[in-house]
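> Next input, structure requested:
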Amino acid sequence: MSETELPRGLRWRLRRGMKELDLVLTRWAEACYANAPDSERAAFDALLACEDPDIWSWLMGYREPPEGATRDLVEQLRRYR
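Next comes the predicted model:
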């Protein structure tokens, strides 16, 4: 899988109700997903199941994300804002 080649269906799941969130998630996925360890991919998949307002508030630092892999991933995603 190349860096910009994403698994089938993932690009569709990156489409969110907020354009800003689309951009952050897509930037990270295109730059990091292909080489991410399975645990990080699983955390990303779990994050995509969350509600947009929650993800956005975590990314912007308005609220703290849940502990563990989600928090680590949110820290990475903040670099793609």
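
> Grab the nearest non-local neighbour of the most centrally placed residue in the chain.
By C-alpha atoms, centre = their mean, the chain has its centre lying nearest to Leu25, at 4.4 Å. Nearest non-adjacent residue to Leu25, counting by C-beta to C-beta, 6 or more residues apart in numbering: Leu14, 4.9 Å away. From N, CA and C alone the C-beta is placed, and that goes for glycine too.

> same thing with Tyr80?
Tyr80's closest residue in space is Arg27 (C-beta to C-beta, 6+ apart), at 4.1 Å.

> Could you count how many residues lie near that neighbour?
By the measure other C-beta atoms under 10 Å, the count of residues near Arg27 is 15.

> per-residue confidence for it?
If you check Arg27, the pLDDT there is 95.

> Return the set of buried residues in the longest helix seen in the chain.
Within the chain, and with DSSP state H defining each element, the longest helix by residue count is helix 19-32. Of all the residues in helix 19-32, those buried under the rule 16 or more other C-beta atoms under 10 Å are Leu21, Val24, Leu25, Thr26, Trp28, Ala29, Glu30, Cys32.
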